[in-house]
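Enquirer: Can you look at this prediction? I've put the sequence above it.
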Amino acid sequence: MPRHPLLYAGAVSTAAPDVAAAGPARARDDRITLRFLTTPADTAAGGRSVAAGSVMEWIDKAGYACAVGWSAAYCVTAYVGNVRHRRPIAPGSLIEVQARLVHTGRSSMHVVVTVSSADVDTRVYTPATTCILIFVAKDADGRAQQVPSWEPRTRSDRVLAEGALLRIPARTEIKRLMREEEYTDATAAPRSILRFLVPPGVVNWGGKAHGGTVMRWIDESAYACAVGWMGKDPLADHAVAVYSGGIHFFAPVRIGDIVEVDSRLIHTSDRSMHVSTRVLTADPRSPHERTLTTLCLSVFAVPGEGGVALPVPFWEPVEAEDRRLNAHAREIIRLREDIVPIAASISLEP
């Protein structure tokens, strides 16, 4: 993986001192910390905070580094779940991203990532986002590769490992429901579609676009959809992503492909907008033969005084497809209530 251009402290291993004495698997690092300073390019539209897309790029980079460090193999992002943006991150902040392994399957690795920020003067880091990612190790031929088994050693290891296992049934059901939904042009819903060629600058060592880059595209498209629904409201550009969940990666995004990032409003509550985003790709030589690569459901809100979300315009679905997707969103919301958020206090515990 290319060296992150913003790292000033590099990657800091936090593996236990006696790990190397316990055999080949124990010699591998199961934790990593990245520290860097935000840049103007990380700032969201309106300039008030760091963009959620930037945060998700950082999450993917740290998670990827952790997964590669454990597996000693090229890895791909398979899933990113329950990205809860607890608070905005001020532009110009110092950032600390801590990733730790919490569960392994045959070829998969579950990694918990916590993003914290600090003012450059105080350097006191406060958690802003915690989520879980799943990576799959690949061999030279692109097939799933077995990874060393990981076992919990500390109290926090055990709590996080148990939490990872408990999330599997709800996550599997959400994935099934999201994958089965059909999206056509028979809609009157607010919508934003971005189309472009995948540039070489986003390539990873596998010749594909980084998962974090794809998540940034999703956030940008979903933001445009949410702000478009707000219309001429003077607070429209204050809208921020407060949640990104069910980010499932089904196929790689290849350099030079046409990519289409299609975001659609499918549900509103009194104070939130739920936007479904699909990422599709196609070979420029056959642009109509599209492949679904990624799915995500994001929630946007408009922060008010004291961080309380302000009311948003109500959207009433009219077309049959819009009514069906609105019901789909409510079902996903119900399932997510069974997924207990990962506490930063546990994820940052030794």
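Expert: Cool, got the structure.
Enquirer: gap between the spatially closest residue to residue 51 that is not a sequence neighbour and residue 198?
Expert: Once flanking residues are discounted, residue 51 sits nearest to residue 44: 3.9 Å by Cβ to Cβ, 6 or more residues apart in numbering. For glycine as for every other residue, the C-beta is placed from the backbone atoms N, C-alpha and C. Going from residue 44 to residue 198 by Cβ to Cβ, to the nearest Å gives 23 Å.
Enquirer: More neighbours: those two, which one.
Expert: residue 44 (24 against 20; other Cβ atoms under 10 Å).
Enquirer: looking at the chain, which helix or strand is least sure?
Expert: strand 7-13 (a mean of 37; mean pLDDT, DSSP states H and E).
Enquirer: what's the next secondary structure element after that one?
Expert: Following strand 7-13 in sequence order, the next helix or strand is strand 31-37 (DSSP states H and E).
Enquirer: Which strands and helices lie in contact with the helix or strand that that next one is followed by?
Expert: Using DSSP H and E, the next helix or strand after strand 31-37 towards the C-terminus is helix 52-71. With contacts taken as 3 or more Cβ pairs under 8 Å, 6 or more residues apart in numbering; DSSP states H and E, helix 52-71 sits against strand 31-37, strand 74-85, strand 94-104, strand 108-118, strand 126-138, helix 211-230, strand 240-249.
Enquirer: Rounded mean pLDDT for helix 52-71, please.
Expert: For helix 52-71, the mean pLDDT works out to 95.
Enquirer: With stretch 117-135 instead?
Expert: Mean per-residue pLDDT for stretch 117-135: 95.
Enquirer: Just the CA atoms of that stretch, as CSV, please.
Expert: The C-alpha trace of stretch 117-135 is given here as CSV (Å, rounded to 0.1, in the frame of the first residue of the first chain):
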residue,chain,number,x,y,z
SER,A,117,-9.0,14.3,16.7
ALA,A,118,-7.2,16.9,18.7
ASP,A,119,-6.5,20.6,18.5
VAL,A,120,-2.9,21.3,17.5
ASP,A,121,-2.3,23.3,20.7
THR,A,122,-3.7,20.9,23.3
ARG,A,123,-3.0,17.5,21.5
VAL,A,124,-5.7,16.0,23.6
TYR,A,125,-7.4,13.4,21.4
THR,A,126,-11.2,12.8,21.6
PRO,A,127,-12.9,9.9,19.8
ALA,A,128,-15.1,11.0,16.9
THR,A,129,-15.9,7.7,15.0
THR,A,130,-15.7,4.0,15.7
CYS,A,131,-16.7,1.2,13.3
ILE,A,132,-15.8,-2.3,12.2
LEU,A,133,-14.4,-3.4,8.8
ILE,A,134,-14.0,-6.9,7.3
PHE,A,135,-11.0,-7.6,5.0
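Enquirer: contacting residues around residue 87?
Expert: Neighbour list for residue 87: 126, 128, 307 [criterion: Cβ atoms under 8 Å, 6 or more residues apart in numbering].
Enquirer: burial count for the first one?
Expert: Taking other Cβ under 10 Å as the criterion, the count of residues near residue 126 is 15.
Enquirer: Can you report how many residues lie near the residue nearest to it when sequence neighbours are not counted?
Expert: Spatial nearest neighbour of residue 126, excluding adjacent residues (Cβ to Cβ, 6+ apart): residue 116 at 5.9 Å. Neighbours of residue 116 under the rule other Cβ under 10 Å: 22.
Enquirer: beta partners of residue 116?
Expert: residue 96, residue 127 (DSSP bridges).
Enquirer: so it touches residue 123, yeah?
Expert: No - Residue 116 is beyond contact range of residue 123, at 11.0 Å (criterion: Cβ atoms under 8 Å).
Enquirer: could you dump the helices and strands packed on helix 52-71 to TSV with distance to residue 51?
Expert: Listed next are the helices and strands packed on helix 52-71 as TSV, based on distance: least, Cβ to Cβ, whole Å:
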stretch	distance to residue 51
strand 31-37	15
strand 74-85	10
strand 94-104	13
strand 108-118	13
strand 126-138	12
helix 211-230	6
strand 240-249	8
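Enquirer: buried ones in stretch 235-251?
Expert: 236-249 (16 or more other Cβ atoms under 10 Å).
Enquirer: sorry, that was for stretch 191-208
Expert: 191-192, 194, 198, 202-204, 208.
Enquirer: List the strands paired with the strand or helix carrying residue 195, with their directions.
Expert: For residue 195, the host element (DSSP H and E) is strand 191-197. Applying DSSP bridges, strand 191-197 is found paired with strand 258-268 (antiparallel).
Enquirer: picking that back up, per-residue pLDDT, the residue nearest to residue 51?
Expert: Taking residue 44 on its own, its pLDDT is 87.
Enquirer: ok, it to residue 239 distance?
Expert: From residue 44 to residue 239 the distance is 9 Å (Cβ to Cβ).
Enquirer: Residues that sit against both of these two, list them.
Expert: residue 223.
Enquirer: quick check: domain ranges of this structure?
Expert: For the chain, automatic domain parsing gives the domain ranges 7-150, 191-336.
Enquirer: what's the closest residue to residue 215 other than its chain neighbours in contact with, if anything?
Expert: Of all residues beyond its chain neighbours, the one nearest residue 215 is residue 56 (3.9 Å), with distances taken as Cβ to Cβ, 6+ apart. Residue 56 makes contact with 80, 83, 212, 215-216, 219, 244, according to Cβ under 8 Å, 6+ apart.
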